[in-house]
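Enquirer: Got a predicted model here, sequence first, then my questions.
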Amino acid sequence: MEQPVSSDFKLGIISGGQLGKLLVAAANNWDITTYVLDGSASAPASGVCNEFIQGSYLDYDDVLNFGRKVDAITFEIENVNINALRQLKEEGITILPDPDVLELISDKGTQKEFYEENALPSSPFRLFKDKEEVIDAINNKEIKLPFVQKLRRMGYDGRGVQMIRTQSDFDKLFGAPSLIEEIVDMEKEISVIVARNKNGETQSFPTVEMEFNPVANLVELLISPANISESIEKRAVELAQSVISKLDFIGLLAVEMFLTKDGNLLINEIAPRTHNSGHHTIESCITSQYEQQLRSILNFPLGSTAMQSPAIMLNLLGEPGYEGVVKYQGFEECLKIEGVKIHIYGKAETRPYRKMGHVTILDQSIDGARKKANFVKENLKVIT
């Protein structure tokens, strides 16, 4: 790899959504030339990168041609044409995370098998090829209601995950390959973002607690630091570091976990990239998750993840009942509040529950941040 802190070094980022846009912003601080591949000409990162290339990250030729223009490739999405990445790796292009690891993580079934093979705690599961196989297993009392069904591939932001409670839900069973998990008796959901560079150095951000929108099944709010004991914090960080080491993973990894009511930790899912549960690090930690991803893939010393302030992060979601050209109601009123940092992603059109931005709220205490967050949640609306 050429010297990465140079205008001559070209970093390719596959997918140009909000995570890509924020990663480009971090790379710009180091004068790194950024190339972005995305299918939409109006992708959030298209206006901030040095070179934008429109194309599908699932298409072999699009990914191959894109990769041949850059010195190294990283990602903001895991569903990418793996065969093209393997060819680029053979041609000497640095690809981090590695295509083999990316392929494992992009399939929730192989994720679960990896946890099982490496004695990493996760909820019991079974894999199914189609809807009929799931129904047969129910009828044969091999699995019991209620349960969670997850598509093995292409799910994100709550899509591809559903609860099947009664026989009346059978019509909505996914027909594609999926996994079935037992429902966890859960106290709360938490996340640890951990980074690892080529030298094997690892660094974790403080654990965050996540609250989900009950309709859209995606993170609506997160709290940093999480309201957990020191012993659970220690175990969560150790578990995240164990996952990244056993994967031999280079880059940034988000490890989502369930904290059960009896105090156990179970891995829910992992994401091989920057993550929604790390947005707050831009303002609340010494090093942001975006800078840390760059540090890890470029094999630089990892940055301090120490918190500078407690924080709450709110996702700005499109309001139900609104679809079209976006407007932000209550923007100025929220900007008046000390510690409120608003990030707008630049998506031209809204639709119900679409991620349009996020707000980080800083305060000396979580209680203080919560009061400000409640005001923002009630007043800052994404409408048309």
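Expert: Arrived safely. Numbers count the residues shown, from 1 in each chain.

Enquirer: Can you list the neighbours in contact with the helix or strand harbouring residue 243?
Expert: Under the criterion of DSSP states H and E, residue 243 resides in helix 230-246. Residues from elsewhere that reach helix 230-246, judged by C-beta atoms under 8 Å, 6 or more residues apart in numbering: 114, 118, 120-121, 190, 192-196, 202, 204, 206-207, 225-226, 228, 249, 253, 255, 257, 259, 263, 265, 267, 270. C-beta: built from backbone N, CA, C; applies to glycine.

Enquirer: So among those, which ones count as buried?
Expert: Neighbour-count burial within those applies to 114, 120, 190, 192-196, 202, 204, 206-207, 225-226, 228, 249, 253, 255, 257, 259, 265, 267, 270; the criterion is 16 or more other C-beta atoms under 10 Å.

Enquirer: Low-confidence stretches in the protein?
Expert: 1-7, 156-158 (pLDDT under 70).

Enquirer: Does residue 260 touch residue 186 like I think?
Expert: Yes - Residue 260 is within contact range of residue 186, at 6.0 Å (criterion: C-beta atoms under 8 Å).

Enquirer: Now the residue most central in space within the chain. Nearest residue, chain neighbours left out?
Expert: For the chain, the residue nearest the mean C-alpha position is residue 275 (3.0 Å; C-alpha atoms, centre = their mean). Leaving aside its sequence neighbours, residue 275 sits nearest to residue 254 (C-beta to C-beta, 6 or more residues apart in numbering; 3.5 Å).

Enquirer: residue contacts, the one you found?
Expert: 191, 192, 193, 270, 271, 273, 274, 275, 277, 278.

Enquirer: Name the nearest of those relative to residue 378.
Expert: Closest approach to residue 378 among the contacts of residue 254 (C-beta to C-beta): residue 277, at 23.0 Å.

Enquirer: just checking, residue 136 is part of a helix?
Expert: Yes - per DSSP: H, G, I helix; E, B strand; the rest coil, residue 136 lies within a helix segment.

Enquirer: Number the chain from 231, please
Expert: New numbering, starting at 231: the last item is residue 366.

Enquirer: contacting residues for it?
Expert: Counted by C-beta under 8 Å, 6+ apart, residue 366 has zero contacts.

Enquirer: roughly how far apart are it and residue 436?
Expert: From residue 366 across to residue 436, the span is 45 Å (C-beta to C-beta, to the nearest Å).

Enquirer: next helix or strand past the helix or strand hosting residue 602?
Expert: Per DSSP H and E, residue 602 falls inside helix 596-609. Counting by DSSP H and E, the next helix or strand C-terminal to helix 596-609 is strand 611-613.

Enquirer: gap between that following strand and the chain center?
Expert: Counting by C-alpha atoms, centre = their mean, to the nearest Å, strand 611-613 is centred 23 Å from the centre of its parent chain.

Enquirer: list the buried ones in it?
Expert: Under 16+ other C-beta under 10 Å, the buried positions of strand 611-613 are 611, 612.

Enquirer: Residues touching it, excluding its own?
Expert: Strand 611-613 has contacts (C-beta under 8 Å, 6+ apart) with 546-549, 552, 556-560, 580, 584, 586-587.

Enquirer: between those residues, which is closest to residue 337?
Expert: Nearest to residue 337 among the contacts of strand 611-613 is residue 584, at 25.6 Å by C-beta to C-beta.

Enquirer: Phi and psi next, for the closest one.
Expert: Torsion angles at residue 584 (phi, psi; degrees, to the nearest 10) stand at phi -70, psi 140.

Enquirer: Who's the closest spatial neighbour of it, skipping the chain neighbours?
Expert: Leaving aside its sequence neighbours, residue 584 sits nearest to residue 548 (C-beta to C-beta, 6+ apart; 4.2 Å).

Enquirer: what's the answer for residue 268, then?
Expert: Nearest one to residue 268, counting by C-beta to C-beta, 6+ apart, is residue 246 at 3.6 Å.

Enquirer: for the one you found, helix, strand, or coil?
Expert: Local secondary structure at residue 246 is given as coil here, using three-state DSSP.

Enquirer: Enumerate every residue touching it.
Expert: For residue 246, the contacting residues are 266, 267, 268, 270, 273, 274, 275, 276, 279, 282, 306, by C-beta under 8 Å, 6+ apart.

Enquirer: one more time with 10 Å, if that's ok
Expert: With contact taken as C-beta atoms under 10 Å, 6 or more residues apart in numbering, residue 246 is in contact with 253-254, 264, 266-279, 282-284, 287, 306-307.

Enquirer: For residue 560, give its distance to residue 574.
Expert: For residue 560, the distance to residue 574 - C-beta to C-beta - is 13 Å.
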